[in-house]
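Asker: next input, structure requested:
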Amino acid sequence: MPGSSDHTTFALSIDGVSAALSVASFEGSEGISELYAFQIEVTTPQGDLDPEGIIGAKATLTITTAEQAPRYVGGIVSHIEAGELTDRSAVYRVSLVPAVFRLLYRHDARIFQEKTAAEIIEAVFAAAAVDGYRLALQGSYTTREYSVQYRESDWAFVSRLMEQEGMFYYFEHGEDAHTLVIADAKQYVDIVAPETVAYRPPLGAMARGESVSRFVFGRELRPGKVSVTDFNFKKPGLSLMSTAAGAAESELEVYDYPGEFELPDGGAALSKVRLGEWEAFRRWGAGESGCARLTPGYAFTLSEHPRDAMNRRYLVTRVHHTGVAPQMADTREIVKSYENRFEIIPDDVLFRPPRRTPRPFMRGVQTAIVTGPSGEEIHVDEHGRVKVQFHWDRAGKRDEKSSCWIRVSQVWAGAGYGAMWIPRIGHEVVVDFLEGDPDRPLIVGRVYHGLNVPPYPLPAEKTKSTLRSNSSPDSGGSNELRFEDKLGAEEVYLHAQKDWNIRVENDKTQEVGHDEQLSVGNDRKKKVERNQSEDVGNDKSINVGGNHVEAIAGNESQDIGANATKNIGGAFIAAITAGANASVGGPATVNVGGKLSVGIGAGKEENVGAESVETVGKDKKVSVGADLKTDVTGTAAITIGKDESVSVGGEQKIEVKEKITITCGDATVVIDKSGDVTVKGKDIKVEGTGKVLVKAASKVIIASDGPVEMEAAAAVKIKGSAVNIN
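Answerer: Numbering: from 1, shown residues only. Model (predicted):
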């Protein structure tokens, strides 16, 4: 075995095992960002070991050379099996692994929110009672809004987080403990002193101690440019494309989507990490040695190589160990107890682990229950997103912290237009996952369940299709648009729990094939900015329980093909500011059961083409504020059943072209156009409280068939140019 050490001893100690254990042989592999495993064969001269007590026990493999300090490999026992049994000893094979190996057997499905990757790792370790670790991180990490461990082991979950972020891990080993170290920088620690290891090829078959016996160094063709992008729905126009390029092979580009970042800074950091994955192994080396101190995650300096360029400091990335106890070797061969094969990269390269851990892939949709704060029915953000509780999430509290905000697919989504149906707390929704990623849920549907049943019982109401809402807070009310497709009973039903507002920017056409009924429980108001036309093919009835007020700013025209009847139970008042014209083709009758008042602000003109008859059942009074003039073309007759009284406040003038005849019983007064005035009667009396003057232009004649008497209380004077008394 070239490069082996022939002065090396091995020992294995297991907590709780007091029996002497002799290491016959071992083989193990360890690497950066890898869980190491050593298979060790031991013998014991004592009785059987208890496997139950050994599984999970703390153990340490010690590799001791004559030249340098011991190399320790600590861990726990993950496997033990009994082998050969002789009279002198029993053989057992034991597997030694790190304590975090236990996390491979802790599987869970849980959600982490508003934590960085480092904080999530610490939370997972705390839940698993892992304390043998140290975070040696130099970089800053973005807070993850939502990160899901889904049906995977704790270790797989932690590993893929580290790989995504570019963190790597290795182990520190001491005599009594081992520590998991998580790092992200080139601050590599040297191996146990001396940190320089000489290159010394073997002399024939002889070992050369802890030296490097074989060493090669090369270069790989690797991509030199990485571009990543993603989509931020909050800023859909923002370009998230980010590119990182190295010094070589930049024409070989790896482009990937989605990058799972929301801002350009996140893309810049991610593209550098992804490029670092490729750059880490662009230059690499491998070799063989007998130096057990070579440990992944630690650096050493190679010396004495004939190629001067190879004499430099390297980071150990992987080591495969083989050891055989000298006493167990075939005596016919040269005893070569220990050797290893190792891999390295230059120490000026930042190690970025390859992404080996598979990510959980959601192979279909899931359902979940919408959640929110206690006492609320609807919990939503400004983007219409809601929160849910997945059925597999045993840690969720069915509240506003059960998940991240999840976008909800709508049937239409435009810039300020589209559909909006917000799932409410308690609703069961269908959740899909972008790219199958459990960290990127999207609600794509909703379903009923045993508590949330359809609006109408099925299958009895199978012909009904409906959109029914539910008033919030829940009061039993709803808005609804329902379609009934049952043959012969087809119906479209629209129900508004409170207000119903319709706005039509242009025309609205409504056609009803049969009856229409409108019932308004309170007021109704209609406003038409321009014309309104109403065409009723048959009868029209309007019943007004209270007052009816109608105001017309312009003209009104009403055409009635037959009769018109208007019954007014109380008073009727018609006020016309300008003229009024009523044309009746036939007879017209106006019956007023009570009092009729007509008020005219200006003049009134009444034209009757034929007779005009006015009958007043009781008194009639005509009051004229100014002059009164009555013109009669033909004969005028006034018949008064009782008394007539005429009172004139000023002058009264009566003018008749032919003759005036006043008859009262047997008495008559006749005035004709010739100027003659004839007064006839039985007794004619002329009395005056003052003087009575009879004056004529020619003569005054007093003629009587009987005597003529003149009486006076005083003297009687007769005066004239001549007085004849016969």
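
Asker: quick one: mean pLDDT for the longest strand anywhere in the chain?
Answerer: In the chain, ranked by residue count with DSSP state E as the criterion, the top strand is strand 71-85. pLDDT averaged over strand 71-85 equals 95, rounded to a whole number.

Asker: so what secondary structure elements neighbour the helix or strand following that strand?
Answerer: Per DSSP states H and E, the first helix or strand lying C-terminal to strand 71-85 is strand 90-97. Taking 3 or more C-beta pairs under 8 Å, 6 or more residues apart in numbering; DSSP states H and E as the contact definition, the neighbouring helices and strands of strand 90-97 are strand 8-14, strand 37-44, strand 58-65, strand 71-85. C-betas here are computed from N, CA, C, even on glycine.

Asker: number of nearby residues for Arg134?
Answerer: Residues near Arg134, counting by other C-beta atoms under 10 Å, number 12.

Asker: how about the strand or helix carrying it: buried residues?
Answerer: Taking DSSP H and E as the definition, Arg134 sits inside strand 133-136. Residues of strand 133-136 classed as buried under the neighbour-count rule (16 or more other C-beta atoms under 10 Å) are 133, 135.

Asker: send the alpha carbons of that strand over as CSV?
Answerer: Only the C-alpha atoms of strand 133-136 are listed here, as CSV (Å, rounded to 0.1, in the frame of the first residue of the first chain):
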residue,chain,number,x,y,z
TYR,A,133,-22.9,22.3,16.2
ARG,A,134,-21.6,25.8,15.5
LEU,A,135,-22.6,28.4,12.9
ALA,A,136,-19.5,30.1,11.5
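
Asker: neighbouring contacts of that strand?
Answerer: Outside strand 133-136, the residues that touch it by C-beta atoms under 8 Å, 6 or more residues apart in numbering are 100, 118, 121-122, 125, 172, 179-185, 187.

Asker: how about a cut-off of 6 Å?
Answerer: 118, 179-183 (C-beta atoms under 6 Å, 6 or more residues apart in numbering).

Asker: in contact with Ser472, which residues?
Answerer: Remark: with contacts taken as C-beta under 6 Å, 6+ apart, Ser472 is in contact with 377-378.

Asker: tell me the spacing between it and Trp405.
Answerer: According to C-beta to C-beta, to the nearest Å, Ser472 and Trp405 sit 20 Å apart.

Asker: re the thing from before, partners of the strand holding Arg134, with directions?
Answerer: Its sheet considered, strand 133-136 pairs with strand 178-183 (parallel) by DSSP bridges.

Asker: tally of neighbours for Glu67?
Answerer: As a burial measure, the neighbour count of Glu67 was computed by other C-beta under 10 Å and equals 13.

Asker: who touches it in this structure?
Answerer: Counted by C-beta under 6 Å, 6+ apart, Glu67 has contacts 209-210.

Asker: quick check, pLDDT for it.
Answerer: You'll see Glu67 listed with a pLDDT of 72.

Asker: before we move on, what about Asp474?
Answerer: Note on Asp474: pLDDT of 82.

Asker: same question, the one 4 residues further on
Answerer: With respect to pLDDT, Ser478 scores 92.

Asker: rounded mean pLDDT for stretch 407-426, please.
Answerer: For stretch 407-426, the per-residue pLDDT values average out at 95.

Asker: picking that back up, give the buried residues for the longest strand of the chain.
Answerer: Of the residues in strand 71-85, those buried by neighbour count under the rule 16+ other C-beta under 10 Å are 71-78, 80.

Asker: and the residue nearest the centre of the protein?
Answerer: Among the residues of the chain, Gly384 comes closest to the average C-alpha position under C-alpha atoms, centre = their mean, at 1.8 Å.

Asker: quick one: it from Pro98, how far?
Answerer: When distance is defined by C-beta to C-beta, Gly384 is 47 Å away from Pro98.

Asker: identify the bridge partners of the closest residue in space to Tyr36 that isn't next to it in sequence.
Answerer: Distances taken as C-beta to C-beta, 6 or more residues apart in numbering put Glu30 closest to Tyr36, at 3.4 Å, once the chain neighbours are dropped. Each beta-bridge partner of Glu30 is listed here: Val319, as defined by DSSP bridges.

Asker: contacting residues around Glu30?
Answerer: 36, 296, 319.

Asker: would you map the helices across the stretch 101-250 of the chain?
Answerer: With helices called from DSSP state H, counting those that start in this stretch, the stretch 101-250 of the chain shows them at 117-127, 154-165.

Asker: okay if I get those as a markdown table plus mean neighbour count?
Answerer: Putting the helices of the stretch 101-250 of the chain into a markdown table (neighbours: other C-beta atoms under 10 Å) gives the following:
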| stretch | mean neighbour count |
| --- | --- |
| helix 117-127 | 18 |
| helix 154-165 | 22 |
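
Asker: tabulate those helices in a markdown table, adding columns for distance to Asn311 and mean pLDDT.
Answerer: Putting the helices of the stretch 101-250 of the chain into a markdown table (distance: least, C-beta to C-beta, whole Å; pLDDT from 0 to 100) gives the following:
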| stretch | distance to Asn311 | mean pLDDT |
| --- | --- | --- |
| helix 117-127 | 37 | 98 |
| helix 154-165 | 33 | 98 |
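
Asker: who's in contact with Ile55?
Answerer: Val77.

Asker: what do you get if the cut-off is 10 Å, keeping everything else the same?
Answerer: Listed by C-beta atoms under 10 Å, 6 or more residues apart in numbering, the contact set of Ile55 reads 76-80, 94-95.

Asker: with the residues you listed in mind, which one is nearest to Lys462?
Answerer: Ser78 (60.3 Å; C-beta to C-beta).

Asker: that closest one contacts Val100, correct?
Answerer: No - Ser78 is beyond contact range of Val100, at 11.4 Å (criterion: C-beta atoms under 10 Å).
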